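1. Curious how this folds, go ahead:
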Amino acid sequence: MTDLKEDHKHPFNSRLEEFRNHLNFKSKRAFYEYAQIDSSQFFRVTNGFAKPGFNFFEKLTIAFPDLNLSWFLTGEGEMNLDRLNSCEKSILENYRKLPEDEKIQLEVKTSLFGQEVSERKQLSQNIIKNEVVESITRFQGELKDKLELLQRLRAKFLQGLKEEEKSLAVAMYGFDEVKKQYQEIESEIQKLISLDSDYIKDFFANII
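-> Predicted coordinates for the structure are as follows:
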């Protein structure tokens, strides 16, 4: 069994606390939740029951890319790596100050941005390919508006899935139902951008 008294002397505790204070986290909980470190794992390290392992270091590196792991391991060198310019550091600091729900919302928007651009491009290309179909050319604006609506709905459902029990939609309908709705929207988007014949037929039937 690990000797708690002896292991508690390892320097990771003080360096972790020094780094947390440097980042102005008001509590240990705020720190380990931001880094997505399991609370029991965090306190096993800080209370001296265990030394940080690979998973612990990996999460620290992802959450705090400017942390100098060499300093954390040896105590030598600077605490932070000089990898971010002042503008990037400002963006990162502003992100850290956001409420948790706004962080998730920003993460969802960022993760979907490239996908949404690609979907809009694909839809435009498929409309051009089918320009001989008068209804598609005539109602291309409505098709693009529908895609944007579906993309907004998808983002809301994805945010709900990430927030889980904190989400109003999940609280009302349950996680599985929200996940099902999210998957159905994904499927509908694919049918729309590919101009699936059955989907487009129903779409025009509802707007004409």
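2. Now do the phi/psi pair for Leu67.
-> phi -70, psi 130 (degrees, to the nearest 10).
3. likewise the one 10 residues further on?
-> In this entry, Gly77 is assigned phi and psi values of phi 90, psi -170 (degrees, to the nearest 10).
4. now it, nearest residue through space, not along the chain?
-> Nearest residue to Gly77, sequence neighbours excluded (C-beta to C-beta, 6 or more residues apart in numbering): Trp71, at 4.8 Å. No exception for glycine: its C-beta is placed from N, CA and C like everyone else's.
5. quick one: that neighbour is in a strand?
-> No: assessed with DSSP: H, G, I helix; E, B strand; the rest coil, Trp71 is helix; it does not lie in a strand.
6. and the residue most central in space within the chain, what is it in contact with?
-> Nearest to the geometric centre of the chain sits Glu107, at 3.9 Å (C-alpha atoms, centre = their mean). By C-beta atoms under 8 Å, 6 or more residues apart in numbering, the contact list for Glu107 reads Lys162.
7. For it, pull up the helix or strand it's in.
-> Element membership of Glu107 [criterion: DSSP states H and E] is helix 100-129.
8. list the buried ones in that helix?
-> Ile104, Gln105, Val108, Glu116, Glu119, Gln122, Leu123, Ile127 (16 or more other C-beta atoms under 10 Å).
9. that older thread, wouldn't the residue nearest to Gly77 be in contact with Leu60 here?
-> No: in terms of C-beta atoms under 8 Å, Trp71 does not count as a neighbour of Leu60; the distance is 11.8 Å.
10. Show residues contacting stretch 150-159.
-> 104-105, 108-109, 111-112, 116, 119, 167, 169, 178, 181-182, 185-186, 188-189, 192.
11. and the residue nearest to the centre of the chain, what pLDDT?
-> On the pLDDT scale, Glu107 is placed at 83.
12. How is the chain divided into domains?
-> The chain breaks down by automatic domain parsing into domains covering 4-94, 98-207.
13. mean pLDDT for the ones you listed: which is lowest?
-> domain 4-94 (a mean of 79).
14. Return the distance of that domain from the chain's centre.
-> Computed by C-alpha atoms, centre = their mean, to the nearest Å, the chain-centroid distance of domain 4-94 equals 21 Å.
15. Relative to Glu93, how far out is Phe19?
-> Per C-beta to C-beta, to the nearest Å, Phe19 is found 15 Å from Glu93.
16. Who has more neighbours out of these two?
-> Between Phe19 and Glu93, counted using other C-beta atoms under 10 Å, the more crowded position is Phe19 (19 against 11).
17. Spell out the residue ranges of the helices in the chain.
-> 4-7, 12-22, 28-34, 39-46, 54-63, 69-74, 86-97, 100-129, 134-138, 140-163, 168-173, 175-193, 197-207 (DSSP state H).
18. can you redo these as CSV with distance to Asn80?
-> Formatted as CSV, the helices of the chain follow (distance: least, C-beta to C-beta, whole Å):
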stretch, distance to Asn80
helix 4-7, 27
helix 12-22, 8
helix 28-34, 16
helix 39-46, 20
helix 54-63, 12
helix 69-74, 8
helix 86-97, 10
helix 100-129, 22
helix 134-138, 55
helix 140-163, 29
helix 168-173, 37
helix 175-193, 38
helix 197-207, 52
